[in-house]
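S.K.: okay, here's the prediction I keep looking at, along with the sequence it came from:
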Amino acid sequence: MKFLTAFGALLLFTSSAFAGLFSDTEARQNINQLTARLTSTETTVAKLEADLAKLAASSKQQLDALNMKNINALLDLQNSIDALNAELRKIRGQNEELQHGLQAAEKRQQDFYIDLDARLRRIEAAASSAEHPKAATIPLTESMALDDALAFYKTEQYAQAVIAFQGFLKAYPKSERVADVHYWAGNSYFLLKDYAHSLENYKIIADKFANYLHLPEVLLNIADCQDMLSDTAGAKATLQSIQVRFPNTDAADKAKKLLLTY
């Protein structure tokens, strides 16, 4: 009976596992939708930043004549930009999570039989738990551990996400996804308004992963954290470094506009 129970569970797992392996089409559709949403939001942020820069420049030229209406307009624009930047960070994180799913599809397929064996042994262990209450649990694979952490991130359970990301970094310090995990952890901390730990994770990427694909964006996020921590000098220095290191990029344009607000 124990074997039949385990075999039945094995069949259910096999069916769901193969369904997961061939669900990439839906993931690509989600990525396309998120990319379109990201583009639209970035366009809105760029327009608001341009409006804010113009108003700030105008206000500096007419400082003596600055009235409460202009001050309120500046504050409203800045609040809108902050909200949209937070939304951008969330969308980019979701997009990265879907990209990770696609990139990991081949590895999941390679790991399939290993995971299948592990799940079967868990079922057998559960069936015999009364006889062996102290049986050791079977550890997650790297891919499963990252998927679990991203599940918290995707559902906006950021406190649980940072714990899971920290656990992943401790368990797999040499993983190819270390920089990505620090990026997601930085985003999670930022959305929790823990700007110090957010900054810490972003700085690890900047210091150790010079060729990271999203490094310009990471530097913009570092400037955001420094600004939220009232480190105006640090934020300005970071924005200036973006212009020097990544000229003629969207990140450099954003850095230039942000510098006008200081």
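M.R.: Structure's in. What do you need?

S.K.: in three-state terms, label Ser230 for me.
M.R.: The three-state assignment at Ser230 reads coil, by DSSP: H, G, I helix; E, B strand; the rest coil.

S.K.: now do the same contact list for it.
M.R.: Contacts for Ser230 (C-beta atoms under 8 Å, 6 or more residues apart in numbering) come out as none. The way it works is simple: take the backbone N, C-alpha and C, and place the C-beta from them, glycine included.

S.K.: gap between it and Ser241?
M.R.: For Ser230, the distance to Ser241 (C-beta to C-beta, to the nearest Å) stands at 19 Å.

S.K.: same question, Leu192
M.R.: Per C-beta to C-beta, Leu192 is found 26 Å from Ser241.

S.K.: show me where pLDDT drops low in this structure?
M.R.: The chain contains residues with pLDDT under 70 at 1-28, 30-31, 34, 38, 52, 55-71, 74, 94-140.

S.K.: which stretches in it count as helices?
M.R.: With DSSP state H as the criterion, the chain has helices at 2-21, 24-61, 68-103, 105-127, 142-154, 158-171, 178-191, 195-208, 215-228, 232-245, 250-259.

S.K.: how about the last one: buried residues?
M.R.: Of the residues in helix 250-259, those with enough neighbours to count as buried (16 or more other C-beta atoms under 10 Å) are Ala251, Ala252, Asp253, Lys254, Ala255, Lys257, Leu258, Leu259.

S.K.: can I get it as CSV, trimmed to CA atoms?
M.R.: Provided in CSV are the C-alpha atoms of helix 250-259 (Å, rounded to 0.1, in the frame of the first residue of the first chain):
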residue,chain,number,x,y,z
ASP,A,250,18.9,56.1,-20.9
ALA,A,251,20.5,55.9,-17.5
ALA,A,252,22.8,58.8,-18.2
ASP,A,253,19.8,60.9,-19.4
LYS,A,254,17.9,60.0,-16.2
ALA,A,255,20.9,60.9,-14.1
LYS,A,256,21.2,64.3,-15.8
LYS,A,257,17.5,65.1,-15.1
LEU,A,258,17.8,64.0,-11.5
LEU,A,259,20.9,66.2,-11.0
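
S.K.: just list what that helix packs against, helices and strands only.
M.R.: Secondary-structure packing of helix 250-259 (3 or more C-beta pairs under 8 Å, 6 or more residues apart in numbering; DSSP states H and E): helix 24-61, helix 215-228, helix 232-245.

S.K.: pick the most deeply packed of those helices.
M.R.: helix 215-228 (a mean of 22; mean count of other C-beta atoms under 10 Å).

S.K.: ok, residues contacting it?
M.R.: 85, 89, 92, 183, 186-187, 190, 195-196, 198-199, 202-203, 205-206, 209, 212, 232, 234-235, 238-239, 241-242, 245-246, 249-252, 254-255, 258.

S.K.: same thing but 6 Å
M.R.: Helix 215-228 has contacts (C-beta atoms under 6 Å, 6 or more residues apart in numbering) with 195, 198-199, 202, 205-206, 234-235, 238-239, 242, 246, 249, 251.

S.K.: so what's the residue count around Ile81?
M.R.: 20 (other C-beta atoms under 10 Å).

S.K.: same deal with Ala171?
M.R.: Applying other C-beta under 10 Å, we find 12 residues neighbouring Ala171.
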